[in-house]
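1. Using only what follows, build the 3D model:
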Amino acid sequence: MTGVQLLGIVLTHDNPPFYSGPEIDLGSLREEEFYEALVRNMDSSVKQLYTSTAEVCGLVLAYMKKHHCMNNEFQDMVIKKVGNYSMSLVYLSCYSGSDQSSFIT
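-> The predicted structure follows:
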């Protein structure tokens, strides 16, 4: 949770979400793995974590768009994840008789 919040702070100060310059030792962490782990947090059962992660993913996409450095793999991961949630909402509203607005709290 703390890492997601710190990434949000980094992004609000207009710094890149992933930096692999020589002054930072990231070990074997690749940019793709970093983004995969971030998006995976949206599967958490902890509301505070998945909502913060969704917000930070939006900030990352906004940063990438602003700085013309869009990572298409990350963008596709987020679109796929959000699409899965949208389909879940449609399924729940169609088959459970519940109102969509009551599903999202």
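2. Going along the chain, name the helices of the chain.
-> 2-12, 31-40, 47-66, 72-95, 100-103 (DSSP state H).
3. Just the buried positions in the first one, please.
-> In this case it means helix 2-12. 4, 7-8, 10-11 (16 or more other C-beta atoms under 10 Å). Placement of C-beta: from N, CA and C, glycine included.
4. again, but for the second one
-> By neighbour count, and taking 16+ other C-beta under 10 Å as the criterion, the buried residues in helix 31-40 are 34-35, 38-39.
5. With distance to M70 and pLDDT as new columns, can these be given to me in TSV?
-> Output for the buried residues of helix 31-40, formatted as TSV (distance: C-beta to C-beta, whole Å; pLDDT from 0 to 100):
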residue	distance to M70	pLDDT
F34	16	92
Y35	12	94
L38	15	93
V39	15	94
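6. now the residues you listed as CSV including distance to N72?
-> Output for the buried residues of helix 31-40, formatted as CSV (distance: C-beta to C-beta, whole Å):
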residue, distance to N72
F34, 15
Y35, 11
L38, 15
V39, 14
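7. So which of these is the closest to I79?
-> In terms of C-beta to C-beta, no member of those lies closer to I79 than V39, at 10.2 Å.
8. and the closest one, what does it touch?
-> Taking C-beta atoms under 8 Å, 6 or more residues apart in numbering, we find V39 in contact with 53, 57, 74, 77-78, 81.
9. Mind picking the two most distant members of the buried residues of helix 31-40?
-> Top of the distance list for the buried residues of helix 31-40 (C-beta to C-beta): F34 and V39, 10.0 Å.
10. hang on, the earlier thing: who wins for proximity to F18 among the helices of the chain?
-> helix 31-40 (4.9 Å).
11. Restricting to C-alpha, output that closest one in PDB.
-> Extracted in PDB, the C-alpha atoms of helix 31-40 (Å, rounded to 0.1, in the frame of the first residue of the first chain):
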ATOM      1  CA  GLU A  31       9.800  -1.900 -16.400                       C
ATOM      2  CA  GLU A  32       7.300  -4.400 -17.600                       C
ATOM      3  CA  GLU A  33       7.400  -6.300 -14.300                       C
ATOM      4  CA  PHE A  34       7.000  -3.100 -12.400                       C
ATOM      5  CA  TYR A  35       3.800  -2.200 -14.300                       C
ATOM      6  CA  GLU A  36       2.500  -5.800 -14.100                       C
ATOM      7  CA  ALA A  37       2.900  -5.700 -10.300                       C
ATOM      8  CA  LEU A  38       1.100  -2.300 -10.100                       C
ATOM      9  CA  VAL A  39      -1.900  -3.500 -12.200                       C
ATOM     10  CA  ARG A  40      -2.000  -6.800 -10.200                       C
END
